[in-house]
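In: Sharing a model prediction with you, sequence too.
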Amino acid sequence: MSTIQPKIGEPVSDELALVQAAKSGDVEAFEELVRRYDRNVFRIAQHITQNREDAEDVVQDAFLKAYSNLHQFQGQSKFYTWLVRIAVNEALMRLRRRRPERMVSLDEEVKTEEDSLPREVADWSPNPEQQYNQAELRDILTRTIQGLPASFRTVFVLRDVEGLSTEETAEALDLSIPAVKSRLLRARLQLRERLSRFFQRRENGKEKEKPEPGDTDQ
Amino acid sequence: MKCQEFLSELTNYLDGVIDARTKAELEDHLAWCHNCYVVCDTTKKTIEIYRDSQLYELPEDLRTRLRSAIVSKCHGRKKSGPERV
């Protein structure tokens, strides 16, 4: 079985020059950095906050905060990792504000091993996505990932959706590498478990009724 | 190798960050344990589906609007000097 190929390649080599220019007040250079990463920041923010307006605010606030604090960026990490760290903090702040009744933390204690043990081991259809139309599929994927605890969701999004390395994810979230790996494993297994309901192979002649996209077990 | 041990290495295996010996042991387990094979395969599909899903794409008009707001505020901050945070 082949391994997962990362999506994002090395940063463009002129990036440090853009950061330097922006540091000395070149707003156009900073605008280029915004252009490069605004879509990523928006996706990350919306995954964390689960709210479109909040995600828009996070994009603005994270870039403005980055601009104002560029002098603190030392260049030991990639600019993108540094920016993601700012964006994640902004997004978590908004999530906490919206759900004050629930403690939201990336350090939240994860449950026992049991919660990640696979229960559903039926194989999936060869092209599971094609069982549903695009809108249904988006609905299934969105609801499923929204059911994960914020700490798992965030690690999964940074590692598997945005393609950050384990080390970069640890740095962006201020977590240890073992903590990132443990959350990532649990996030992947829990998502797999939940998606199995929708994507498992259906036997010929014994067609089971497809679950409704909104019908998740959270 | 037991299934539980296989699961604990699953993330390293899928990310390709294990040594050759552990990889061989995992693949040996996969060859006879159908359940772990299915879990491994469907976990890989889960990751690929999310990675390719393009959930939450930023619409171009909103993107332009956000960018001009950011740029105009940056110009404002430039005039008033660096902000203390």
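Out: Perfect, I can see it now.

In: separation between the residue of chain B at minimum distance from chain A and residue A:159?
Out: The minimum distance from chain B to chain A, using Cβ to the nearest Cβ, falls at residue B:16 (3.5 Å). Just so you know, the C-beta spots here come from the backbone N, C-alpha and C atoms, and that holds for glycine as well. Residue B:16 sits 13 Å away from residue A:159, going by Cβ to Cβ, to the nearest Å.

In: what about residue B:68, neighbour count?
Out: 11 (other Cβ atoms under 10 Å in any protein chain shown).

In: what helix or strand does it sit in?
Out: Element membership of residue B:68 [criterion: DSSP states H and E] is helix B:60-80.

In: how about that helix: buried residues?
Out: Neighbour-count burial for helix B:60-80 flags B:63, B:66-67, B:70-71, B:73-74 (criterion: 16 or more other Cβ atoms under 10 Å in any protein chain shown).

In: filter those by proximity to chain A?
Out: B:63, B:66-67, B:70-71, B:73-74 (Cβ under 8 Å from any Cβ of the partner chain).

In: Would you format the residues you listed as TSV with pLDDT included?
Out: Listed next are those as TSV, based on pLDDT from 0 to 100:
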residue	pLDDT
B:63	95
B:66	95
B:67	95
B:70	95
B:71	93
B:73	92
B:74	91
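
In: In TSV: those residues, plus distance to residue A:14.
Out: TSV is the format used below for those (distance: Cβ to Cβ, whole Å):
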residue	distance to residue A:14
B:63	22
B:66	23
B:67	19
B:70	20
B:71	19
B:73	24
B:74	19
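
In: contacting residues for residue A:172?
Out: A:81, A:84-85, A:88, A:158, A:164 (Cβ atoms under 8 Å, 6 or more residues apart in numbering or on different chains).

In: Of the residues you listed, which belong to helices?
Out: Among the contacts of residue A:172, the members found in helices (DSSP state H) are A:81, A:84-85, A:88.

In: of these, closest to chain B?
Out: residue A:85 (14.0 Å).

In: what sits up against the helix holding residue B:68?
Out: A:25, A:27, A:30-31, A:34-35, A:38-39, A:42, A:56, A:59-60, A:63-64, A:67-68, B:58, B:83.

In: Go ahead and build a PyMOL selection from the buried members of those.
Out: To isolate the buried ones among the contacts of helix B:60-80 in PyMOL, judged by 16+ other Cβ under 10 Å, type:
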select buried, (chain A and resi 27+30+31+34+38+42+56+59+60+63+64+67+68) or (chain B and resi 58)
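
In: first vs last residue of stretch A:70-84, how far apart are they?
Out: This stretch, stretch A:70-84, spans 14 Å end to end (Cα to Cα, to the nearest Å).

In: How about residue A:32: what's its closest non-neighbour residue?
Out: Nearest residue to residue A:32, sequence neighbours excluded (Cβ to Cβ, 6 or more residues apart in numbering or on different chains): residue A:18, at 5.6 Å.

In: same deal with residue A:198?
Out: For residue A:198, the spatially nearest residue (Cβ to Cβ, 6+ apart) is residue A:140, at 5.3 Å.

In: for the residue of chain A at minimum distance from chain B, helix, strand, or coil?
Out: Among all residues of chain A, residue A:3 sits closest to chain B, at 3.5 Å; criterion: Cβ to the nearest Cβ. Three-state assignment for residue A:3 (DSSP: H, G, I helix; E, B strand; the rest coil): coil.

In: What is the burial count for it?
Out: Using other Cβ under 10 Å: residue A:3 sits among 14 other residues.

In: Quickly note the distance from it to residue B:23.
Out: Residue A:3 is 10 Å from residue B:23, by Cβ to Cβ.

In: now swap in residue A:140 and tell me
Out: 32 Å.

In: Of these two, which one has the most company?
Out: residue A:140 (27 against 16).

In: Check which helix or strand that one maps to.
Out: Per DSSP H and E: residue A:140 is located in helix A:134-146.

In: What helices and strands are in contact with that helix?
Out: If contacts are counted by 3 or more Cβ pairs under 8 Å, 6 or more residues apart in numbering or on different chains; DSSP states H and E, helix A:134-146 sits against helix A:150-156, helix A:177-199, helix B:34-51.

In: for the record, mean pLDDT for the shortest one?
Out: Read it as helix A:150-156. Across helix A:150-156, the average pLDDT comes to 94.

In: Please name every helix or strand in contact with that helix.
Out: With contacts defined as 3+ Cβ pairs under 8 Å, 6+ apart, helix A:150-156 has these neighbours: helix A:27-49, helix A:79-98, helix A:134-146, helix A:166-173, helix A:177-199.
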